[in-house]
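In: Need the 3D shape of this:
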Amino acid sequence: MNRRNPQEWTRLGAVSPERISEARLQAHYASQIVAAFGAAYVTRTEDLSHMGMTWGGGRRAFISGAASGARIVRMALDLDRFELYALEPGSEFIGVLDRFNLKGTTFPDASRWLRKTTAKFGFDPELVKIDFEGLLDHPLAGGGEFTYDGGEEDLVELGKYFSNAEYILRRICSSTSDCSTTYIWSPLLDINVMYAMEETSDKEYTLGMGLIPGDNHLTEPYFYVNRYPAIATDSLPEPPAPSAWRTKDWTGLTLAASEIVKFSSAQEQLQMVENFLTSSSTFLKNL
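Out: Residues are numbered from 1 along each chain as shown. Below is the predicted model:
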């Protein structure tokens, strides 16, 4: 079992940020299986967190909430092994009920495995709804095969970004009382928290911070802080270096992974990201 220490930052840069884009795309498609289970079977919540995934459980894995059929089940995608799992409930990656290795299979194959597995555990397989809406173009959408096997270095590197993001978000949130739970959301595969919610007579906003592993804005991973309602973009001030503004789809500050890996030590990388997230939060609050 590939376990990780959730109390530390792992140095990034063993694989360049640009090189993990294919791993990120295949993981994004595979994660839809996990998210579809949550959307279909986990008890619905007002904030839609039943559709969110959590990270870890002692593995580099996306894990759904638990749902009750003939037995209680969770779904997971383990990045290190690039396998889908049906799991027993619990905070750890335990009680494997079924598994599906993705290499050499197609997205329809994985979807059929999900429906077969859910039926086996007493769920209605017809409730599973999966589509590619919002996902970036990839041969997997047209019947192409997943090509990764367990332990490949760019998948491992991708997992480090999520582990580090979960760690730094938890670290920052430990000193504030208004952070939401950390979730991973399938449309962008972003891991984030919402926090610093202000509601006064003259100000009402919510800040969000997290990591997006790459999208049509930046193909490499990037940390971000944004604010809702969106800030007017016609007169934005100069952003604090080395961050950059993002104004398409939402308005906020971003820190590209290529800036982070310029530092060679884990401590320097951690400090850079922590400084970015905290200083950007203050910057956006004061606009």
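In: Quick check: mean pLDDT of the strand or helix carrying residue 194?
Out: Secondary structure from DSSP states H and E places residue 194 in strand 190-199. Strand 190-199 shows a mean pLDDT of 81.
In: C-terminal to that strand, what's the next element?
Out: Past strand 190-199, the next helix or strand by DSSP H and E is strand 204-212.
In: And the contacts of that next one?
Out: 161-162, 164-165, 169, 172, 182, 188-198, 218, 221-229, 252, 277, 280-281, 284-285 (C-beta atoms under 8 Å, 6 or more residues apart in numbering). Bear in mind the C-beta positions are built from the backbone N, C-alpha and C, glycine included.
In: partners of it, with directions?
Out: Here strand 204-212 has these sheet partners by DSSP bridges: strand 190-199 (antiparallel), strand 222-228 (antiparallel).
In: So which of those is the most surrounded?
Out: strand 222-228 (a mean of 23; mean count of other C-beta atoms under 10 Å).
In: List the buried residues for the helix or strand following that one?
Out: Using DSSP H and E, the helix or strand that follows strand 222-228 towards the C-terminus is strand 244-246. Residues residue 246 are the ones in strand 244-246 that count as buried (16 or more other C-beta atoms under 10 Å).
In: now stretch 274-287
Out: Buried residues in stretch 274-287, counted by 16+ other C-beta under 10 Å: 276, 277, 280, 281, 283, 284.
In: Among the residues you listed, name the ones in helices.
Out: 276, 277, 280, 281, 283, 284 (DSSP state H).
In: any chance of those in JSON lines, with pLDDT and distance to residue 15 too?
Out: What follows is those, written out as JSON lines (pLDDT from 0 to 100; distance: C-beta to C-beta, whole Å):
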{"residue": "276", "pLDDT": "97", "distance to residue 15": "21"}
{"residue": "277", "pLDDT": "96", "distance to residue 15": "23"}
{"residue": "280", "pLDDT": "95", "distance to residue 15": "26"}
{"residue": "281", "pLDDT": "91", "distance to residue 15": "29"}
{"residue": "283", "pLDDT": "91", "distance to residue 15": "31"}
{"residue": "284", "pLDDT": "90", "distance to residue 15": "31"}
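In: Closest one to residue 269 out of those residues, please.
Out: residue 276 (10.8 Å; C-beta to C-beta).
In: if we can go back for a sec, would you list the strands paired with strand 204-212 in CSV and tack on distance to residue 14?
Out: Converted to CSV, the strands paired with strand 204-212 look like this (distance: least, C-beta to C-beta, whole Å):
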stretch, distance to residue 14
strand 190-199, 20
strand 222-228, 18
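In: So, low pLDDT: which residues of the stretch 1-150 of the chain?
Out: Scanning the stretch 1-150 of the chain with the threshold set as pLDDT under 70 gives 1-7.
In: Same list (the ones in helices among the buried residues of stretch 274-287) but as CSV, adding distance to residue 155.
Out: CSV is the format used below for these (distance: C-beta to C-beta, whole Å):
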residue, distance to residue 155
276, 25
277, 25
280, 29
281, 31
283, 34
284, 33
